[in-house]
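Chemist: give me a 3D structure for the following:
(one chain, ligands or ions: 2)
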Amino acid sequence: MYSAGREGMTGSERECIAPIVSIVIPTLNEAPNIEPLVSRLVTALEGSIGGCFEVIFVDDESIDGTPEVIMKLAEDDSRLRLLSRRGERGLASAILRGLREATGKYAVVMDADLQHPPEDVPRLLKALEEGADIVVASRYTRGGGVEGWSRVRLLMSLGATILAWILVPETRRTSDPMSGFFAINLERVKLPQTPPPGFKLLVEILRLNPKARVVDVPYVFRRRHEGRSKLGFKSMIDYLAHLAIASSPLRFALVGLGGTIVNLTVFRTLLGAGAPLDAAILLGFEAGLLFNFTIHDRITFSHRRYERSFPARLLGYHLSSAVGVGVGYLVSRSLITFIGLHPILSQLAGIAAGFIANYTLSSRKVWRGT
Ligand SMILES: Nc1nc2c(ncn2[C@@H]2O[C@H](COP(=O)(O)OP(=O)(O)OP(=O)(O)O)[C@@H](O)[C@H]2O)c(=O)[nH]1
Ligand SMILES: [Mg+2]
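Modeler: Ligands and ions are numbered 1, 2, ... in the order given. Okay, here's the model as predicted:
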């Protein structure tokens, strides 16, 4: 199934020129898990793709002997590699480092504590072979699940997932954007320049690759084999910070507030200078729009390579804003006229609807890109 360009590429490491697959595993004090992990992983890979793979462990100064266990195993198996980072911490940045060092065409990211069953790796690779760019091992798709979680942990995970879907729309292509178990085609997927805060690299990868083909593969998240969890309160704060920074809709809304201030300032200044009322109103709007446009073009969507030219984006943003106002008007007017809702509430609903329309058009049409 996985040809490496020459005949008979099955079985042992000696037959492999360059790895097809790089498995990236971050470790922090996981010593008792390494041996069973490597043994199960090697069996699963040799039984499916043959011997042509590498396993890259990225360790952040574990003090329980993890690096020593890895080095010992690597003496007998040259496909195992250890990257020891000094003075650096963080799950997402450790994974990113491993992905940068990967020499395979495909990379699989998984935890060291056997919560991500090595036996599921071949199914992820199969989906990549079939044309997917990003394969997410999902707990929340049919056939997936979690083992031994309390209701509170399940609710927190689902809440965090829904928040990702709301704030970072690019994550809606998978049922489990919080997954730490995923595979990517390194030739087709863009990696972040700098790691996001915290531990969810997949969210960042999905955001940076809006056109990538994403496929979910179900799996059951197992109980931790040995050792202790590193997931703590700080990880949650980091996650929220990451979503807030990465959220294009949130940036879009904040810039919109800035544009409103610009609009009002120009409007007042022109009125104060004796300009005609109509001119002050229209120029106020135009100034606000130009302010928004500039920031959206330079910052809000700057992680994309735009498909449209500058004049097309400028005109497009004027149109999408006009559509936003039209939708807002229709919603507000309908709520007042047909439902008799309080005018302020109706107007607020209109603002929300107009925002959604304007954001959707801006994101999908005006600043469309890869
Ligand atoms: N290199 C590195 N690895 C880390 C760091 N934090 C966590 N890890 C590893 O990342 C993986 C996931 O961490 P876990 O603590 O298992 O997080 P979790 O699976 O969400 O939480 P549990 O279900 O409680 O285990 C494990 O292999 C850890 O050893 C870090 O700062 N640096
Ligand atoms: Mg774990």
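Chemist: contact partners of stretch 151-162?
Modeler: Residues from elsewhere that reach stretch 151-162 (Cβ atoms under 8 Å, 6 or more residues apart in numbering): 139-140, 146, 149, 176-178, 236, 239. Backbone N, C-alpha and C define where each C-beta goes, glycine included.
Chemist: least confident of those?
Modeler: Among the contacts of stretch 151-162, M236 carries the lowest pLDDT, at 90.
Chemist: domain-wise, how is the protein divided?
Modeler: Following automatic domain parsing, the chain resolves into domains at 11-246, 248-366.
Chemist: would V58 count as being in a helix?
Modeler: No. V58 is assigned strand when assessed by DSSP: H, G, I helix; E, B strand; the rest coil, not a helix.
Chemist: could you list everything it pairs with in the sheet?
Modeler: P26, L83 (DSSP bridges).
Chemist: show the contacting residues for it.
Modeler: V58 is in contact with 24-27, 83, 85, 94-95, 97-98, counting by Cβ under 8 Å, 6+ apart.
Chemist: go on, L270?
Modeler: 279-280, 283-284.
Chemist: distance of V69 relative to ligand 1?
Modeler: According to Cβ to the nearest ligand atom, to the nearest Å, V69 stands 13 Å off from ligand 1.
Chemist: going forward, the N-terminal residue is numbered 26.
Modeler: Sounds good: first residue 26 from here, last item V94.
Chemist: which helix or which strand is home to that residue?
Modeler: Using DSSP states H and E, the element containing V94 is helix 91-101.
Chemist: quick one: distance of that helix to the chain centre.
Modeler: Distance of helix 91-101 from the chain centroid (Cα atoms, centre = their mean, to the nearest Å) equals 32 Å.
Chemist: same check, this time on stretch 210-230
Modeler: 7 Å.
Chemist: what segments of the stretch 26-175 of the chain are helices?
Modeler: Along the stretch 26-175 of the chain, the stretches classed as helices by DSSP state H, counting those that start in this stretch are 56-71, 91-101, 116-126, 146-154.
Chemist: would JSON lines of the ones you listed with mean neighbour count and mean pLDDT be doable?
Modeler: Below are those laid out as JSON lines (neighbours: other Cβ atoms under 10 Å; pLDDT from 0 to 100):
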{"stretch": "helix 56-71", "mean neighbour count": "18", "mean pLDDT": "97"}
{"stretch": "helix 91-101", "mean neighbour count": "16", "mean pLDDT": "97"}
{"stretch": "helix 116-126", "mean neighbour count": "21", "mean pLDDT": "96"}
{"stretch": "helix 146-154", "mean neighbour count": "21", "mean pLDDT": "98"}
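Chemist: can you list the ones you listed in TSV and add distance to L366?
Modeler: As requested, the helices of the stretch 26-175 of the chain are exported to TSV (distance: least, Cβ to Cβ, whole Å):
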stretch	distance to L366
helix 56-71	57
helix 91-101	60
helix 116-126	44
helix 146-154	47
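Chemist: is it possible to get JSON lines of those that adds distance to ligand 2?
Modeler: Shown next, in JSON lines, are the helices of the stretch 26-175 of the chain (distance: least, Cβ to the ion, whole Å):
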{"stretch": "helix 56-71", "distance to ligand 2": "9"}
{"stretch": "helix 91-101", "distance to ligand 2": "14"}
{"stretch": "helix 116-126", "distance to ligand 2": "10"}
{"stretch": "helix 146-154", "distance to ligand 2": "16"}
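Chemist: closest one to P222 among those helices?
Modeler: helix 116-126 (7.6 Å; Cβ to Cβ).
Chemist: hey, which of the domains of the chain is tucked in deepest?
Modeler: Counting by mean count of other Cβ atoms under 10 Å, domain 36-271 has the highest mean neighbour count of the domains of the chain, with a mean of 19.
Chemist: interface residues of the protein facing ligand 1?
Modeler: When proximity is defined by Cβ under 6 Å from any ligand atom, the chain lies next to ligand 1 at 51-53, 55, 83-85, 114-116, 119, 136-138, 140, 205, 249, 254-256.
Chemist: which single residue in the stretch 226-375 of the chain comes nearest to ligand 1?
Modeler: Ligand 1 sits closest to S254 of the stretch 226-375 of the chain, with a gap of 2.7 Å, by Cβ to the nearest ligand atom.
Chemist: so which helix or strand takes in that residue?
Modeler: Going by DSSP H and E, S254 is not in any helix or strand.
Chemist: that one and A162, how far apart?
Modeler: S254 sits 19 Å away from A162, going by Cβ to Cβ, to the nearest Å.
Chemist: D84 now?
Modeler: 23 Å.
Chemist: and F207, by the same measure?
Modeler: If you go by Cβ to Cβ, the gap between F207 and A162 works out to 6 Å.
Chemist: where does this protein have low pLDDT?
Modeler: Residue ranges of the chain with pLDDT under 70: 26-40.
Chemist: before we move on, the earlier item: enumerate every residue touching the residue of the stretch 226-375 of the chain closest to ligand 1.
Modeler: Not one residue lies near S254 by Cβ under 8 Å, 6+ apart.
Chemist: most distant residue from the centre of the protein?
Modeler: Largest separation from the mean C-alpha position in the chain: G299, at 50.8 Å (Cα atoms, centre = their mean).
Chemist: next, the contact list for the residue of the stretch 226-375 of the chain found nearest ligand 2, please.
Modeler: Ligand 2 sits closest to R249 of the stretch 226-375 of the chain, with a gap of 5.3 Å, by Cβ to the ion. Going by Cβ under 8 Å, 6+ apart, R249 touches 138-140.
Chemist: can you add distance to L279 and give those residues back as CSV?
Modeler: Shown next, in CSV, are the contacts of R249 (distance: Cβ to Cβ, whole Å):
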residue, distance to L279
D138, 39
L139, 42
Q140, 37
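Chemist: show me which of those residues neighbour ligand 2.
Modeler: With Cβ under 5 Å from the ion as the criterion, the contacts of R249 include 138, 140 near ligand 2.
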